[in-house]
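Engineer: Coordinates only, no sequence provided:
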Ligand SMILES: O=C[C@H](O)[C@H](O)[C@H](O)COP(=O)(O)O
C-alpha cells in the first residue's frame with residue numbers, strides 16, 4: 001500500500017502546550033480536513049479524541065472560507081461536537097449519501113484494516129463509514145501496527161444486545177479469546193453504548209492466520225446472534241493520515 005509523507009500547515013498557536021502524541025493527532029486531523037473537505041459536502045463526523053481536532057479545523061475552515069457543509073454524527077459525542085462548533089447537524093435520513101467520513105482508530109495496519117470502538121462507539125461509525133464515498137482514518141503514530149491485536153491488546157470491541165452477553169462471552173472464550181464485559185467508569189455496572197447495548201472486549205492475540213485474519217474474524221463475529229457489530233473495519237478506509245511524534249504526517253492510500 002502506498003505511504004508517503006505530506007505537508008500540513010498548522011499555526012504554532014494550535015500546537016502550543018500539546019504533547020507530541022496530541023500534536024500528532026492534530027496534524028493528522030488537519031491534514032485530512034484540508035485535503036478532503038470541500039464546499040457543499042456531507043461529512044461524516046467520527047468519535048474519540050482525534051476527531052475533536054478535525055472538528056476544530058472543520059469549523060475554522062467553514063468560518064474562514066464560508067463553506068456550506070452538512071455533518072452526520074457517529075455518536076452522541078459527535079452530536080455535541082457539531083453543536084458546540086455551530087456546524088449544521090444532519091443525519092442519514094436527511095442526507096443518506098456522505099461524501100467523506102473522517103474518524104479515528106485504535107490500531108491500523110498498512111492495508112488500512114483497523115480496530116475501532118475503544119471509546120464505545122463503533123456501530124454508528126461503521127454505518128456512516130459504509131455510506132461514505134470516502135472513509136478516512138486519522139490517528140497518531142502509536143496506532144500504526146503490522147498486525148491487529150498486537151498493539152491494541154484490550155481486545156476487539158463487540159457491541160451486543162444485553163440479554164445475550166453471557167452466551168456470547170462463552171462463545172468467544174470457546175474461540176480462544178479473553179472476553180471481558182466492558183464496565184462503566186463513574187457509573188456502577190456495564191458500559192452502555194449510545195444504542196443501549198453492552199460491549200464485550202475480546203482479545204484473540206495477533207489477528208493472523210485463516211480464521212483469525214481480520215476479514216474472516218469480522219464475518220464470524222457478526223454472525224453470532226446478539227452481536228450488533230464489531231470494531232473490526234476491514235476494506236472500508238481508503239486513506240489514512242498518521243501524525244507521528246517526530247512531526248511528520250504519513251499519508252496511506254489503499255488501491
Ligand atoms: O469508540 C471510539 C472510536 O472508535 C474512536 O474513533 C477510536 O477509539 C479512536 O479514538 P481516539 O481518536 O481517541 O484514539
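Structural biologist: That came in fine, so what should we check first? What you see is a predicted model, and the numbers here were worked out from it, not measured in a lab.
Engineer: Where does pLDDT dip in the stretch 51-200 of the chain?
Structural biologist: In the predicted model, the stretch 51-200 of the chain carries no residue with pLDDT under 70.
Engineer: show me where it has helices.
Structural biologist: 76-84, 123-130, 165-174 (DSSP state H, counting those that start in this stretch).
Engineer: List just the one of those helices that sits closest to the ligand.
Structural biologist: Among these, the nearest to the ligand by C-beta to the nearest ligand atom is helix 123-130 (5.5 Å). C-beta: built from backbone N, CA, C; applies to glycine.
Engineer: got the angle for that closest one vs helix 76-84?
Structural biologist: 70 degrees (axes from the mean of the first three to the mean of the last three C-alpha atoms, to 10 degrees).
Engineer: Report all helices and strands that helix 123-130 contacts.
Structural biologist: On a contact count with 3 or more C-beta pairs under 8 Å, 6 or more residues apart in numbering; DSSP states H and E, helix 123-130 meets strand 70-73, strand 98-103, strand 227-230, strand 232-233.
Engineer: With distance to the ligand and mean neighbour count as added columns, please give those strands in TSV.
Structural biologist: Formatted as TSV, those follow (distance: least, C-beta to the nearest ligand atom, whole Å; neighbours: other C-beta atoms under 10 Å):
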stretch	distance to the ligand	mean neighbour count
strand 70-73	12	24
strand 98-103	5	26
strand 227-230	11	22
strand 232-233	9	27
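Engineer: Which one of the ones you listed lies nearest to residue 91?
Structural biologist: Closest approach to residue 91 among those (C-beta to C-beta): strand 70-73, 6.1 Å.
Engineer: what's the spacing between that closest one and its chain's center?
Structural biologist: Offset of strand 70-73 from its chain centre (C-alpha atoms, centre = their mean, to the nearest Å): 15 Å.
Engineer: Equivalent analysis for stretch 141-155, please.
Structural biologist: From the chain centre to the centre of stretch 141-155 is a distance of 14 Å (C-alpha atoms, centre = their mean).
Engineer: likewise stretch 88-100?
Structural biologist: Distance of stretch 88-100 from its chain centroid, counting by C-alpha atoms, centre = their mean, is 18 Å.
Engineer: again with stretch 57-69
Structural biologist: From the chain centre to the centre of stretch 57-69 is a distance of 22 Å (C-alpha atoms, centre = their mean).
Engineer: Over to stretch 69-76?
Structural biologist: Centre-to-centre, stretch 69-76 and its host chain are 13 Å apart (C-alpha atoms, centre = their mean).
Engineer: And the contacts of it?
Structural biologist: For stretch 69-76, the surrounding residues in contact (C-beta atoms under 8 Å, 6 or more residues apart in numbering) are 37, 39-47, 58, 62, 78-79, 81-82, 87-92, 94-95, 98, 101, 103, 121, 124-125, 127-128, 194.
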